[in-house]
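Q: Can you look at this prediction? I've put the sequence above it.
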Amino acid sequence: MITSLPILLPALFFGALGIGFISAIAGIGGGSLMVPYMVLLLGYDVKVAIATSLICIIATSAASASVYLKSGYVNVKTALMLEPATAAGAILGAYSTITLPTGIVEFSLGALLLGTAVATILKGIYVERRSQRLEVKEVSLSGLRKGSAIIASSIAGLFSGMFGIGGGVLKVPIMNLILDIPIKMAAATSLFMIGLTASSGGIVYLIKGLPNAVSVAALATGLIPGATLGAKYMKRLRPQVVRAVFAALLAYAGLKLMFPFI
């Protein structure tokens, strides 16, 4: 890990600035790029990077939660239904990462990043096909579908706690496909839930003293303006190109974590 603050702090800030920009356009949480950036380029221990990323997500999500609520697209009822299971999964995931050997954590994270790369491309295709479904509406659901969504959300929380990511890549499809919530509302609700999920897993890492406070501050300072710029310029850039670049970065990081000799 780079220990010289004059080098480390600018690297964290400008890296987070770019990550926030790309993530906002691609519609994926920054943790999926933030953790491999810290591990592969800055030399962080993977567990410290995961813990730091999760705490950083809390800070950035808290700053934007009110915006999501004011948008009118947050389905609070659904968020309250899914979040207890998601939070429980995040706690279990955090404990799993702490107890597992570092090599297994890195390999598992790499596999998740590869899966996320594929999901990013598929999500782009799916959103384009169903982009007309943006209306806010209430739907009547069976107990089976609600139960399936809760179980799936607990898995999303598990991945969030284990790997320091927001979990939106799973939460959005869960709400859209299982609960039949329009894609725009699903995305807003997922973003609203991220801070609560990250807080649950983050507490476990804080107790163990893993998060790096200086790194959290530097990353959050870069992520917020980066995401703001990404949201501002989203309409000017071709999302297909951005998603392809994003997916390629995730795929490379995933392979590098799984097979360091590449």
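A: The structure has been received and is ready for your questions.
Q: Do you know the pLDDT at residue 161?
A: At residue 161, the model reports a pLDDT of 93.
Q: Could you list the low-confidence segments of the stretch 151-262 of the chain?
A: Confidence mapping of the stretch 151-262 of the chain against pLDDT under 70 gives the ranges 231, 234-235, 237, 239.
Q: So for the helix or strand harbouring residue 189, what gets flagged as buried?
A: Here residue 189 sits within helix 183-208, counting by DSSP states H and E. For helix 183-208, the neighbour count (16 or more other CB atoms under 10 Å) marks 183-205 as buried. C-beta here means a position set from N, CA and C on the backbone, and glycine is covered the same way.
Q: tally of neighbours for residue 145?
A: 14 (other CB atoms under 10 Å).
Q: so what's it closest to, chain neighbours aside?
A: residue 178 (5.7 Å; CB to CB, 6 or more residues apart in numbering).
Q: Quick one: residues contacting that neighbour.
A: 145, 148, 149, 152 (CB atoms under 8 Å, 6 or more residues apart in numbering).
Q: Roughly how far does the closest residue to the third one other than its chain neighbours sit from residue 75?
A: Which is residue 149. Spatial nearest neighbour of residue 149, excluding adjacent residues (CB to CB, 6+ apart): residue 178 at 4.6 Å. Going from residue 178 to residue 75 by CB to CB, to the nearest Å gives 13 Å.
Q: same deal with residue 201?
A: For residue 201 relative to residue 75 (CB to CB), the value is 23 Å.
Q: can you check residue 226 too?
A: 27 Å.
Q: Tell me how far the residue nearest to residue 145 lies from residue 211.
A: Residue 178 is 33 Å from residue 211, by CB to CB.
Q: With residue 121 instead?
A: 32 Å.
Q: Between the two, which is the more surrounded one?
A: Taking neighbours as other CB under 10 Å, residue 121 and residue 211 compare with residue 211 leading, 21 against 16.
Q: Let me see the backbone angles for that one.
A: With angles defined as degrees, to the nearest 10, residue 211 sits at phi -60, psi 140.
Q: surely it meets residue 55?
A: Yes. Between residue 211 and residue 55 there is a contact at 4.5 Å, judged by CB atoms under 8 Å.
Q: what sits in contact with each of the two?
A: Joint contacts of residue 211 and residue 55 (CB under 8 Å, 6+ apart) are 202, 205.
Q: Which residue lies nearest the spatial centre of this structure?
A: By CA atoms, centre = their mean, the chain has its centre lying nearest to residue 166, at 2.7 Å.
Q: Would you check that that residue makes contact with residue 199?
A: No. Look at residue 166 against residue 199 with CB under 8 Å: they stay out of range, at 11.8 Å.
Q: Give me the neighbour count for residue 236.
A: Residues near residue 236, counting by other CB under 10 Å: 7.
Q: So it versus residue 242, what's the distance?
A: 11 Å.
Q: again with residue 187
A: 16 Å.
Q: What of residue 183?
A: 17 Å.
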